[in-house]
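Peer 1: Give me a model of this one.
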Amino acid sequence: MKNFKYYAPTKVVFGKNTAVQTGSLAAEFGATKVLIHYGMGSVVRSGLLEIVKKSLEAEGISFVLLGGVKPNPRLSLVYKGIELAKSTGVDFVLAVGGGSVIDSAKAIALGIANDFDVWDLYSKGKNAAACASIGTVLTISAAGSEMSSGSVITNEEGWLKRAYGDDIIRPKFSVLDPETTYTLPSYQTSCGAVDMMMHTMERYFTTEEPMKLTDNLAVALIKTVMENIRTSLEKPDDYQARAELMWASSLAHNDLTGCGGTGDWATHDIEHELGGMFDVAHGAGLSAVWSSWARYVHHIKPSRFAKFARDIFGIENKDDDEAALAGIHSMELFYRSIGMPASVKEMGIELTDSQIEELAHKGTDGDTKTLGNFKKLRKRDLKAIFNLAR
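Peer 2: Take a look at the predicted model:
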């Protein structure tokens, strides 16, 4: 077990009709002028945006609006948000939406507080000196960005999808009302389930021996998601199931399930290249490449994959290698059972050799860096994984 630090400063307000508290929460954290950031209009149609606006007005907090966030949030809109915020004196960024909206809001908040190109944080390894305060009103159970230190942005110039992580971008507060997820399409609901499972699985697959408590928390979270995604797909307005998923989303990515180990994150990095090239939904991209990554690396420590197979799927009476492969296959079957792909081809994408070459080249910066920790992956490894996944 490794030494670790655990830091989760976000104040969570969870439950029905909690969006009315947004204004008082913003006031509590010193907001005087808020940029309300949101997506493509669902928060307008549902009335949620109006609730948030009225709650801010009740506290005497002024605001400006910026909608239009797309899945795989774009750098161009981030730049627009930074310019708007600086020109209007914004000191607080409020994301009303899912992970893409929150990630975009984090990038804007970074841009407000720093005098260099915010893309340098994502692409050049630069570190931020400061960040404007951030709050969230969550509408999708998926990314966990409402409590995390991470943000992922896509630069349309070159279609590069890159991440930045820093504790200073953790939201000050997050409002979580499971009822806001009732009207999500089944596909988005399933993509969200995969995303939260993968946030836990990225941490689970470590070559160290983590704390048993951490392992037990990870297994419980994954099994909770697997159970409640099925219920949510069958009964979209089942409050208990939606609540279980929403809380799992937050806990899956606030570092709780990784204490004592070193996470891998290669699957996320591989998906980032796929998402950058094809603009696929993040959760679907993750499920499309995970089993190919798993089959490629499981030999490094088959006992870890075997433990996963036994704890998650109850696979018994097999040696470690057999159990590991059986567990990977079982996860593929689960993905398909909730409408998610288990290969790139199942997303309707026929990868060409030249596309695989480009994906592997971009993913490793021309073979100058490695991905992952369970096995350090170079360009040749990414090409092999993409070939397995196609």
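
Peer 1: ranges for the strands of this structure?
Peer 2: Applying DSSP state E to the chain gives strands spanning 11-14, 33-38, 62-66, 92-97, 133-138, 150-155, 160-165, 173-176.

Peer 1: any idea of the mean pLDDT in the second one?
Peer 2: Just to be clear, that refers to strand 33-38. The pLDDT scores in strand 33-38 average 98.

Peer 1: Mind listing residues that contact it?
Peer 2: Residues outside strand 33-38 that contact it (CB atoms under 8 Å, 6 or more residues apart in numbering) are 26, 44, 49, 52-53, 56, 61-67, 69, 81, 84-85, 88-97, 101, 104-105, 108. In short, each C-beta sits where N, CA and C put it, glycine included.

Peer 1: For PyMOL, what selects the buried ones among those residues?
Peer 2: Only the buried entries of the contacts of strand 33-38 go into this PyMOL selection, using 16 or more other CB atoms under 10 Å:
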select buried, resi 26+49+52+53+56+61+63+64+66+67+69+81+84+85+90+91+92+93+94+95+96+97+101+104+105+108
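
Peer 1: Take the strands of the chain and lay them out in TSV including distance to Phe278.
Peer 2: Listed next are those as TSV, based on distance: least, CB to CB, whole Å:
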stretch	distance to Phe278
strand 11-14	34
strand 33-38	25
strand 62-66	26
strand 92-97	22
strand 133-138	26
strand 150-155	11
strand 160-165	11
strand 173-176	30
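
Peer 1: out of these, which comes closest to Gly366?
Peer 2: Using CB to CB as the measure, strand 160-165 is the one of the strands of the chain that comes nearest Gly366, at 13.0 Å.

Peer 1: Name all residues that make contact with Lys70.
Peer 2: By CB under 8 Å, 6+ apart, the neighbours of Lys70 are Gly39, Met40, Leu77, Ser100.

Peer 1: To clarify, my last question referred to Pro302.
Peer 2: Taking CB under 8 Å, 6+ apart, one finds Asp320, Asp321, Ala323, Ala324 in contact with Pro302.

Peer 1: State the distance from it to Ser330.
Peer 2: Computed as CB to CB, to the nearest Å, the Pro302 to Ser330 distance reads 15 Å.

Peer 1: And for Leu351?
Peer 2: Leu351 is 25 Å from Ser330, where distance means CB to CB.

Peer 1: Show me the beta-bridge partners of Gln153.
Peer 2: For residue 153 the amino acid is Ile, not Gln. Judged by DSSP bridges, the bridge partners of Ile153 are Arg162.

Peer 1: What count of nearby residues applies to it?
Peer 2: Ile153 sits with 26 neighbouring residues when counted by other CB atoms under 10 Å.

Peer 1: now do Ala384
Peer 2: By other CB under 10 Å, the residues close to Ala384 number 15.

Peer 1: correct me, but it touches Arg295?
Peer 2: No - using CB atoms under 8 Å, Ala384 and Arg295 do not qualify as a contacting pair, with a distance of 10.1 Å.

Peer 1: mind listing the helices for the stretch 101-250 of the chain?
Peer 2: Along the stretch 101-250 of the chain, counting by DSSP state H, counting those that start in this stretch, helices occupy 119-123, 186-204, 212-234, 239-252.

Peer 1: Out of these, which is closest to Lys362?
Peer 2: Comparing the helices of the stretch 101-250 of the chain by CB to CB, helix 119-123 comes nearest, at 11.5 Å.

Peer 1: Pull out the buried positions in stretch 376-388.
Peer 2: Applying a neighbour-count criterion of 16+ other CB under 10 Å, one finds Leu377, Arg378, Lys379, Asp381, Leu382, Lys383, Ile385, Phe386, Leu388 buried in stretch 376-388.

Peer 1: State the number of residues packed around Arg295.
Peer 2: Other residues near Arg295 come to 17 when the count uses other CB under 10 Å.

Peer 1: Just list the residues touching Leu377, thanks.
Peer 2: Ala266, Val297, Thr364, Thr370, Leu371, Ile385 are the contacts of Leu377 under CB under 8 Å, 6+ apart.

Peer 1: Could you report the distance from it to Ser287?
Peer 2: For Leu377, the distance to Ser287 equals 19 Å [CB to CB].

Peer 1: try Thr368
Peer 2: Distance of Thr368 to Ser287, computed by CB to CB: 29 Å.

Peer 1: Show me this protein divided up by domain.
Peer 2: 11-180, 184-389 (automatic domain parsing).

Peer 1: can the buried residues of stretch 376-388 go into TSV with extra columns for pLDDT?
Peer 2: Formatted as TSV, the buried residues of stretch 376-388 follow (pLDDT from 0 to 100):
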residue	pLDDT
Leu377	98
Arg378	98
Lys379	98
Asp381	98
Leu382	98
Lys383	98
Ile385	98
Phe386	98
Leu388	98
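
Peer 1: What is the nearest of those residues to Phe4?
Peer 2: Closest to Phe4, out of all of those and judged by CB to CB, is Leu377, at 24.0 Å.

Peer 1: count of residues packed around the residue lying closest to the closest one once chain neighbours are set aside?
Peer 2: With sequence-adjacent residues excluded and distances taken as CB to CB, 6 or more residues apart in numbering, Leu377 is closest to Leu371, at 4.5 Å. Counted with other CB under 10 Å, the neighbours of Leu371 add up to 25.

Peer 1: Cheers, nothing more for now.
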